[in-house]
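> can you look at this prediction? I've put the sequence above it.
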Amino acid sequence: MVRLIGREPYSAQVLRLFEMTPRAGRAGTGPDWATGESHEPLSATQVRAHLRVVSDQILEARYEVRGCPVTVAAAALIAERWSGRTLPDARIAPRAVLADLEASVSKLGRVLVVESAFQKALQAARTNA
Amino acid sequence: MVRLIGREPYSAQVLRLFEMTPRAGRAGTGPDWATGESHEPLSATQVRAHLRVVSDQILEARYEVRGCPVTVAAAALIAERWSGRTLPDARIAPRAVLADLEASVSKLGRVLVVESAFQKALQAARTNA
Amino acid sequence: MSIYLDHAATTPIDARVVARMADVMASVHGNPSSTHNPGRIARGLVETARDDLAALIAGQSGQIVFTSGATEADNLALFGLMRGAPAEQRHLVTSRIEHRAILDAARQLEAEGVRVTYVDADREGRVPVSAVEAAIGPQTRAVSVMWVNNETGVIQDVMAMAAICRARGVIFHSDAAQALGHLPIRLCDTGIDLASLSAHKMGGPAGVGALWVGARAAPLLKPILFGGGQEHGWRPGTLPLHQIVGLGEASRIAAEQLAQDIAHYQAMTELLAARLSTLPSVQRNGPAELRAPHILNLAFGGVDGEALHASLPGLAISGGSACGAERGEPSYVLRSLGRDDPAAEASIRFSVGRQTTENDIELAAKIVENAVKKLRSLWSD
Amino acid sequence: MSIYLDHAATTPIDARVVARMADVMASVHGNPSSTHNPGRIARGLVETARDDLAALIAGQSGQIVFTSGATEADNLALFGLMRGAPAEQRHLVTSRIEHRAILDAARQLEAEGVRVTYVDADREGRVPVSAVEAAIGPQTRAVSVMWVNNETGVIQDVMAMAAICRARGVIFHSDAAQALGHLPIRLCDTGIDLASLSAHKMGGPAGVGALWVGARAAPLLKPILFGGGQEHGWRPGTLPLHQIVGLGEASRIAAEQLAQDIAHYQAMTELLAARLSTLPSVQRNGPAELRAPHILNLAFGGVDGEALHASLPGLAISGGSACGAERGEPSYVLRSLGRDDPAAEASIRFSVGRQTTENDIELAAKIVENAVKKLRSLWSD
Ligand SMILES: Cc1ncc(COP(=O)(O)O)c(C=O)c1O
Ligand SMILES: Cc1ncc(COP(=O)(O)O)c(C=O)c1O
């Protein structure tokens, strides 16, 4: 008889990433680390992306975040995907991230904040190199 | 806990007379009996009063009635009171009847139909005599 | 105690419904609008109940707006349709034998400048389809005619009326409070646009009902109560979980045993009619055919109505509707049947329910027979 | 299962109330408007319940109009007063922190040509008496300010407002849904003219409440629903016996143990406040004093609101009101408190009930503490 509806409005993927927050954390020490930061004042969302890049390859991606579950999940998703990639392969399509997270388009703005932080980190890494 | 309100809107007196209908019935046979009839078409109330009068005294009063409980009770009340009275003592004050029956003034019209039947019967008895 | 033959006023809550409601009241604590787990459990129960009611009426769940009963549903339908009507569509057609919830709302609409046409019933208590059709004009926005009259049990030809309304581009509403659980009802694909429903006439709890809002009516309907945005904005207020669960459970049971219930109601009312037909001067108010199975309204000639009712303290019956009874007014529905001298007869609405037994009927018939005989004996024509 | 700290959204029906309702549902079958014996038994129960509610609020039984809840009572009060207002009195004063039932009704009244003044609350969540006074003009017919805010628990100075209104010849209404059973309420001799009441915030069933109508307001109040003439014509529809009995029983219990309940609520919310005050950057939304004992609203700085709520699946709590939650809008009440950057903090309304234990509170505090710490650990300033 009982119909228990899931923890809307979050997909299982968002819930997993939000709860486990894989690869969350600050930059390590050392010159290999590059950081990018972005924020959006209306929702007080803040994202910092950290990339450890050695000779064109992202050895490790981390993030710091203050934001809603989709924001956190998006940061975790990108950090997971980028860890190990070469710089030319490090790309984000925000709409694809939304789709992978099964999140509503109303969350696109948040994903763009995350994207921006990672792009800035990438930029910084390139400048470092 | 339970508050059971009585069988409004009827007083105990109305209920007793309506249920027992003392002295209800047609006229007996013989010249001592006089009858008066009255009706009120709107409510289809009909009352017939029968008096057996011998030398200025009402030996017996009866009634026939089609009407509401207060009408029936009023007829019964008057028949009870008049039985045994002398003609000069046979009087009805409809408002007093209402009060005795603890009935609302909205029933005054019905009591007037009853009164009228009894008055007509009295008239007939006087004419007989 | 009394023999209860007033199921059309309200019928006992089915024991299965009571059990289910008590269970939910004791064990589920959550506001169906809350997003936490208890709230979601409550919401799930609400949606299951909505499905059960929808299944009983062959409507869609999303078309059901829970209300506090059929009275509110009637008000929502009429005010919701007419208050927002453009100036050239402020005409409502209804009948003179509607429930007070419709008639009083219509009167209020008149005070607000809506033109209302009241169609008379015929001497059998039927609202003629042709009269409804004739009353529809270019300004008519809506027609409201009840499915089953609550005093006579007469079934109105709402399908034919709905078809005409659809053809004329007019919204058709029906108060189905006495039809639900007593007749097969299929709302989808009928042309009916709105229907008022109540739980407590079919074994559910009083204080809950619904307005079924079909696709054509939905864009035209405005709310009459304002607040928390529940029920698609049509009906605010915390959803009363146990009440809605009760309505759902009553619906489920009614759907399951409708044929059996109808047969039982029919058997009981026909048995009573047969028993009382042995008395002289007894007439049915309304026709023997095309009446809801649970209502039998009889007129006893030559007996004062008030006196007959006062003679039956052991019977729980009704002279008209329970609402009218409070004011002690003679029934406007029965008056509209156009009998020669309605004051010279006493009418009783007997209405049966699931719990009614043959024994109840036999006893009731005896009690009524004795009372009628006794009252008639007080007068000779 | 969840720890339920959302009693202000709806609180479990008290077991004694459930038992009483189940008993009445199973054993009393009668429409309170019917004049036969079962009807009279039902009517007697309704009147006893009315007396019990009247006793809880120190009002007269005859001044209570049963409704389907506080939402309907709010609507009845506002529309009932304002729609019939003469042209020179079509001005309503209310506050910006009212429940949606008031705000949405007020917005509808504006659409109908009524002028409405919305008084702002101060940074503590209090509606200043002076601001209400200043808003009253020669055309003001009514003022409506809630007794206890449902999000912050702030108690408004309704007595002072009522006194001013009385002196100015203006009707004063208060939504007392969150006050009933949580504060001593005396309606007689206070200057308050109308009060909205709900059962399900104090251990009664959802779907029933009342509007208390004082002597000064009675002649001015028009009904908003039309029908069978029940409740002095102010509220039609078959009286839902078991619901009203539930409200009565909840009132009786609340009256009996009010002091004890208040002490318990106070102890629970203060314990929670003490436990969570060990976390940095925690602020009360609203003042510590002059708040209803059952509501504690805390703001956690540096944490995203949605993230905090999503981190607490084991807690049944509310971000704002349950109604607002459905739409996922940020709380207009909290926004009105005027904090510097409300987006940069997460607010939780904790609300306790009779069933809340110290253990619930300790556990909840731990869960919240962990969640806040975890979320804060994701970001370094
Ligand atoms: C035909 C009809 N409509 C409406 C109603 C009112 O229903 P409710 O009591 O649910 O408001 C009733 C019964 O009272 C009824 O018989
Ligand atoms: C202040 C306030 N007013 C009105 C209501 C609505 O009450 P009900 O659910 O009885 O309609 C609530 C609760 O939902 C409330 O907290």
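Perfect, I can see it now. Ligands and ions are numbered 1, 2, ... in the order given.
> where along chain C do the helices fall?
In chain C, the helices defined using DSSP state H lie at C:15-27, C:37-57, C:70-82, C:100-111, C:129-135, C:158-168, C:241-256, C:258-276, C:305-310, C:322-327, C:332-335, C:358-377.
> return the most buried member of the ones you listed.
Highest mean neighbour count among the helices of chain C (mean count of other Cβ atoms under 10 Å in any protein chain shown): helix C:70-82, with a mean of 29. The C-beta positions use only the backbone N, C-alpha and C, and glycine is treated the same way.
> report the mean per-residue pLDDT for that helix.
For helix C:70-82, mean pLDDT is 98.
> quick one: is that helix near ligand 2?
No - using Cβ under 6 Å from any ligand atom, helix C:70-82 never reaches ligand 2; the gap is at least 13.2 Å.
> got the angle between that helix and helix C:100-111?
30 degrees (axes from the mean of the first three to the mean of the last three Cα atoms, to 10 degrees).
> could the helices of chain C go into TSV alongside distance to chain D?
Conversion of those to TSV gives the following (distance: least, Cβ to the nearest Cβ, whole Å):
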stretch	distance to chain D
helix C:15-27	4
helix C:37-57	5
helix C:70-82	4
helix C:100-111	4
helix C:129-135	21
helix C:158-168	20
helix C:241-256	5
helix C:258-276	16
helix C:305-310	8
helix C:322-327	3
helix C:332-335	13
helix C:358-377	12
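> rank the ones you listed by mean pLDDT and give me the bottom one.
Least confident of the helices of chain C, judged by mean pLDDT, is helix C:322-327 with a mean of 37.
> the residue of the stretch 51-200 of chain C found nearest chain A: what's it in contact with?
Closest residue of the stretch 51-200 of chain C to chain A, Cβ to the nearest Cβ: residue C:51 (9.4 Å). By Cβ atoms under 8 Å, 6 or more residues apart in numbering or on different chains, the contact list for residue C:51 reads C:61, C:248.
> distance check, it against residue D:304.
Distance, residue C:51 to residue D:304, using Cβ to Cβ, to the nearest Å: 36 Å.
> I'd like the distance between residue C:42 and residue C:4.
33 Å.
> correct me, but residue C:127 touches residue C:97?
Yes - if you go by Cβ atoms under 8 Å, residue C:127 and residue C:97 touch, sitting 6.8 Å apart.
> any residue of stretch C:304-321 touching chain B?
Yes - interface with chain B: stretch C:304-321 contributes C:304, C:306, C:307, C:310, C:311, C:313 (Cβ under 8 Å from any Cβ of the partner chain).
> save these as TSV, and put in distance to ligand 2 too.
Compiled in TSV, those are given as follows (distance: Cβ to the nearest ligand atom, whole Å):
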residue	distance to ligand 2
C:304	46
C:306	41
C:307	45
C:310	41
C:311	44
C:313	39
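> apart from its chain neighbours, what residue comes closest to residue 85?
Since no chain was named, I'll use chain A. Using Cβ to Cβ, 6 or more residues apart in numbering or on different chains and skipping residues adjacent in sequence, the residue nearest residue A:85 is residue A:58, 5.2 Å away.
> not what I meant, chain C
That would be residue C:141: by Cβ to Cβ, 6+ apart, it lies 4.8 Å from residue C:85.
> tell me the contacts of the one you found?
Residue C:141 touches C:81, C:82, C:85, C:89, C:90, C:91, C:92, C:170, C:171, counting by Cβ under 8 Å, 6+ apart.
> may I ask which of those has the most neighbours?
Among the contacts of residue C:141, the one with the most neighbours (other Cβ atoms under 10 Å in any protein chain shown) is residue C:92, at 29 neighbours.
> got any ranges where chain A has weak pLDDT?
Applying pLDDT under 70 to chain A flags residues A:1-8, A:129.
> center of it - which residue?
Taking Cα atoms, centre = their mean, the centroid of chain A lies closest to residue A:75, which sits 1.6 Å from it.
> which other helices and strands does the helix or strand where that one lies contact?
With secondary structure defined by DSSP states H and E, residue A:75 is part of helix A:69-82. Packing partners of helix A:69-82 (3 or more Cβ pairs under 8 Å, 6 or more residues apart in numbering or on different chains; DSSP states H and E): helix A:12-20, strand A:45-54, strand A:57-66, helix A:94-100, helix A:108-128, helix D:305-310.
> so what's the gap between it and the chain middle?
Counting by Cα atoms, centre = their mean, to the nearest Å, helix A:69-82 is centred 3 Å from the centre of its parent chain.
> what inclination does that helix have with respect to strand A:57-66?
170 degrees.
> give me the buried positions along helix A:69-82.
Using 16 or more other Cβ atoms under 10 Å in any protein chain shown as the test for burial, helix A:69-82 gives A:69-79, A:81-82.
> put the alpha carbons of that helix into PDB.
The C-alpha trace of helix A:69-82 is given here as PDB (Å, rounded to 0.1, in the frame of the first residue of the first chain):
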ATOM      1  CA  PRO A  69      23.900  19.000  -3.600                       C
ATOM      2  CA  VAL A  70      23.900  19.300  -7.400                       C
ATOM      3  CA  THR A  71      26.800  21.800  -7.200                       C
ATOM      4  CA  VAL A  72      28.800  19.500  -5.000                       C
ATOM      5  CA  ALA A  73      28.000  16.500  -7.200                       C
ATOM      6  CA  ALA A  74      29.000  18.400 -10.300                       C
ATOM      7  CA  ALA A  75      32.400  19.300  -8.800                       C
ATOM      8  CA  ALA A  76      32.900  15.700  -7.700                       C
ATOM      9  CA  LEU A  77      31.900  14.400 -11.100                       C
ATOM     10  CA  ILE A  78      34.300  16.600 -13.000                       C
ATOM     11  CA  ALA A  79      37.200  16.000 -10.500                       C
ATOM     12  CA  GLU A  80      36.700  12.300 -11.000                       C
ATOM     13  CA  ARG A  81      36.600  12.500 -14.800                       C
ATOM     14  CA  TRP A  82      39.600  14.800 -15.100                       C
END
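> now do that helix against helix A:12-20, angle only.
Going by the same axes, to 10 degrees, helix A:69-82 makes 90 degrees with helix A:12-20.
> what about residue A:96, how many residues close to it?
For residue A:96, the count of nearby residues is 11 (other Cβ under 10 Å).
> go on, residue C:281?
Residues lying near residue C:281 (other Cβ under 10 Å) number 13.
> give me the pLDDT for it.
For residue C:281, the pLDDT comes out at 95.
> next: residue C:289.
pLDDT, residue C:289: 88.
> how close does it get to residue C:309?
Computed with Cβ to Cβ, the distance linking residue C:289 and residue C:309 is 28 Å.
> which ones are touching the residue nearest to the centre of chain A?
Taking Cβ under 8 Å, 6+ apart, one finds A:24, A:47, A:49, A:63, A:65, A:114, A:117 in contact with residue A:75.
> for the third one, what are its contacts?
The one in question is residue A:49. Per Cβ under 8 Å, 6+ apart, neighbours of residue A:49: A:35-37, A:61-63, A:75, A:78-79, A:114, A:117-118, A:120-121.
> what do you get if the cut-off is 7 Å, keeping everything else the same?
Applying Cβ atoms under 7 Å, 6 or more residues apart in numbering or on different chains, we find residue A:49 in contact with A:35, A:36, A:63, A:117, A:118, A:121.
> would you mind measuring from residue A:109 to residue D:378?
Residue A:109 is 19 Å from residue D:378, by Cβ to Cβ.
> near ligand 1, which residues of chain C show up?
For chain C, the residues in contact with ligand 1 (Cβ under 6 Å from any ligand atom) are C:69-71, C:99, C:101, C:146, C:150, C:175, C:177-178, C:198, C:200, C:209.
> and those, which two are furthest apart?
For those, the farthest-apart pair by Cβ to Cβ is C:146 and C:200; their separation is 16.8 Å.
> give me the neighbour count for residue A:88.
Neighbour count of residue A:88, defined by other Cβ under 10 Å: 7.
> name the nearest residue to it, ignoring sequence neighbours.
Leaving aside its chain neighbours, residue A:88 sits nearest to residue A:56 (7.8 Å; criterion: Cβ to Cβ, 6+ apart).
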